[in-house]
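Participant: below: sequence and its predicted model.
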Amino acid sequence: MLKSIRAFFDDRDVLEVETPLLASTGNTEPHIESLQTLFREQPCYLNTSPEFAMKRLLAAYGEPVYQICKAFRDEELGPMHNPEFTMLEWYRPGFDMYQLMDEVEALVLALVDGNQEVFARISYAQLFEEYAGLDPHHATAEDCRQCALKYGIEQPVGLDDEKDQWLDWLLTQLVLPALPADRFAFVYDYPASQCALARLRMNAQGVQVASRFELLYGEIELANGFHELMDAGEQRQRFEAENKSRLSGNKPAIKIDEHLLSALEHGLPDCSGVALGLDRLLMVLMGDFLIDEVLSFSWSRT
Amino acid sequence: MATYSTNQFKNGLKIILDGDPCSITENIIVKPGKGQAFNRVKVKNLKNGRTLERTFKSTESVEAADVDERNVEYLYADGESWHFMEPDTFEQHAADSVAVGDAVKWLKGQEPCIMTLWNDAPLSITPPNFVELAVAQTDPGLKGDTAQGGTKPATLETGAEVKVPLFIEEGNILKIDTRTGEYVSRA
């Protein structure tokens, strides 16, 4: 698989790069926990994805780049999660979200045996309307609660009025399980409140959405991509908002990556980027839906 | 009040759910890549043995159950309670019929048991996996039937009823598997 991936990017003149796994700053995202360690008694972090460092390379050189590396996330362990996993991440200057989806599809099709149909493409809103009868952009947390009641989905302890958390819950319990189990599909145009590092835009219905997509196989998430945010000021605001959200969730704030912000100030080319979980992709290719089965030594055996 | 956060959840952890002490038997993380994580857990209610499922938003806290397991030896019953002693400390515990449950069928005295305590009160008794008990009453087996591998009921000295092979006679000492309630062999 790794050989085919490298050949794919070689053919397309995308340069393989390497960036540090260990960094002095971590990830501020409220739902992703960095693993911490110490260097000369100073706290530092294992990367949760190579995104920030790769964007700095993009800002400096403007060339398409890819990387295959390890990523680490605290708390994440289960049938689909291992605290250490392998990520393929790449960036395409000049590509919008749809062009990058085309390339993700071409890569995956180059790796799977046999005939796969063209990947379905469905917006986040269409997905919720079809499988939950809910307009995710305008629904309230209470609407989500009623939707869960209607479909007999249990209400998790501690889930109150946070709409995005409700959408996450309905997504995993109601919407994704309804997708055909043996098909690849792209979901795109996420709620603006779940933009992460994607830029925002107005969709055809005049709703502000995030130019963000995910690749799924059945209900398994394989990749997450963005039409990347270039605005340093907005990026700083998002980092600060994320840290606020972390603090209100009783999680420590994480030092903001000033290197990334100055790279954005210097100028990131208009680009799209995507991260694909290679362990998950291997699970799909092998038809083995336990992450332990595709790792040489899973966490419990390290 | 001691609590556990969801990130401390693991199999065997004892928590309070709906007022009852429970032990976690399965803990699965449900999480969209960029989204909120949830812990979907299966727990065994330590009072009634029932399994139930519950989901928590991750980082929620749950009350810890002060549950402790001790090695004890069965002493005697006084009609109301069953008395056990910790051989190391000679500390004695009296368990009621609810806590003793089915274990009573296999206890005649001095068996090493595991006592589960909740807030220092006996919650349940686990008898040894195998016990040896004498047959108090059984009908004579019919000659010639032994080859058929047939069984007949027998009452043991503790009052428990088990199915035994036809060649078993009153006074025989039998080895019984307490987890299944089945005859294993003659002791």
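Facilitator: Noted; the coordinates are in hand. Numbers count the residues shown, from 1 in each chain, chains lettered A, B, ... in the order given.
Participant: what score does A:R246 have for pLDDT?
Facilitator: We have a pLDDT of 90 for A:R246.
Participant: what's the neighbour count on it?
Facilitator: Other residues near A:R246 come to 18 when the count uses other CB atoms under 10 Å in any protein chain shown. (Each C-beta comes from the backbone N, C-alpha and C, glycine too.)
Participant: ok, and the closest non-adjacent residue to it?
Facilitator: Distances taken as CB to CB, 6 or more residues apart in numbering or on different chains place A:P30 nearest to A:R246, at 5.1 Å, with adjacent residues excluded.
Participant: residues contacting the least confident helix or strand in chain B by mean pLDDT, please?
Facilitator: Of all helical and strand segments in chain B, the minimum by mean pLDDT, DSSP states H and E falls on helix B:97-100, at a mean of 88. Residues external to helix B:97-100 that are found in contact with it (CB atoms under 8 Å, 6 or more residues apart in numbering or on different chains): B:82, B:104, B:122-125.
Participant: what pairs with the residue nearest the centre of chain B across the strands?
Facilitator: Nearest residue to the geometric centre of chain B (CA atoms, centre = their mean): B:T126, 3.7 Å. Under DSSP bridges, the beta-bridge partners of B:T126 are B:I114.
Participant: distance between the ends of stretch B:69-87?
Facilitator: One end of stretch B:69-87 sits 14 Å from the other (CA to CA, to the nearest Å).
Participant: hang on, I meant stretch A:127-144
Facilitator: 14 Å.
Participant: mind checking how far A:A71 is from A:P50?
Facilitator: Separation of A:A71 from A:P50 (CB to CB, to the nearest Å): 7 Å.
Participant: I meant to write B:K163 there.
Facilitator: Per CB to CB, B:K163 is found 65 Å from A:P50.
Participant: who's more crowded, those two?
Facilitator: Using other CB under 10 Å as the criterion, B:K163 and A:P50 rank with A:P50 on top: 24 against 13.
Participant: burial of the closest residue to that one other than its chain neighbours, as a residue count?
Facilitator: Using CB to CB, 6+ apart and skipping the chain neighbours, the partner closest in space to A:P50 is A:T19 (4.8 Å). For A:T19, the count of nearby residues is 18 (other CB under 10 Å).
Participant: contact residues of chain A facing chain B?
Facilitator: Within reach of chain B by CB under 8 Å from any CB of the partner chain, chain A has these residues: A:29, A:31-32, A:75-79, A:81, A:154, A:156-159, A:162, A:164-165, A:167-169, A:171-173, A:194, A:196, A:214, A:221, A:224, A:249-251.
Participant: which ones among those map onto strands?
Facilitator: Counted as lying in strands by DSSP state E, out of those, are A:214, A:221, A:224.
Participant: for B:I16, give me its contacts.
Facilitator: By CB under 8 Å, 6+ apart, the contact set of B:I16 is B:22, B:62-65.
Participant: B:V131: which of these is nearest?
Facilitator: B:C22 (28.1 Å; CB to CB).
Participant: that closest one looks like it's in a strand, true?
Facilitator: Yes: B:C22: assigned to a strand according to DSSP: H, G, I helix; E, B strand; the rest coil.
Participant: tally of neighbours for it?
Facilitator: Neighbours of B:C22 using other CB under 10 Å come to 25.
Participant: got the contact list for it?
Facilitator: Residues near B:C22 by CB under 8 Å, 6+ apart: B:14-16, B:43-46, B:52, B:65.
Participant: which secondary structure element is home to the nearest residue to it once chain neighbours are set aside?
Facilitator: Closest residue to B:C22 apart from its sequence neighbours, by CB to CB, 6+ apart: B:V43 at 3.9 Å. For B:V43, the element it lies in under DSSP states H and E is strand B:38-45.
Participant: give the pairing partners of that strand; include direction for each.
Facilitator: strand B:20-30 (antiparallel), strand B:51-57 (antiparallel).
Participant: name the stretch among the ones you listed that sits most buried.
Facilitator: Mean neighbours per residue, mean count of other CB atoms under 10 Å in any protein chain shown, is largest over the strands paired with strand B:38-45 for strand B:20-30, with a mean of 19.
Participant: hang on, the earlier thing: farthest pair within the contacts of helix B:97-100?
Facilitator: Greatest spatial distance in the contacts of helix B:97-100: B:V104 and B:L123, 15.1 Å, computed using CB to CB.
Participant: give me the number of residues near residue 130?
Facilitator: In the absence of a named chain, this looks at chain A. By other CB under 10 Å, the residues close to A:E130 number 13.
Participant: not quite, go with chain B.
Facilitator: By other CB under 10 Å, neighbour count at B:F130 equals 14.
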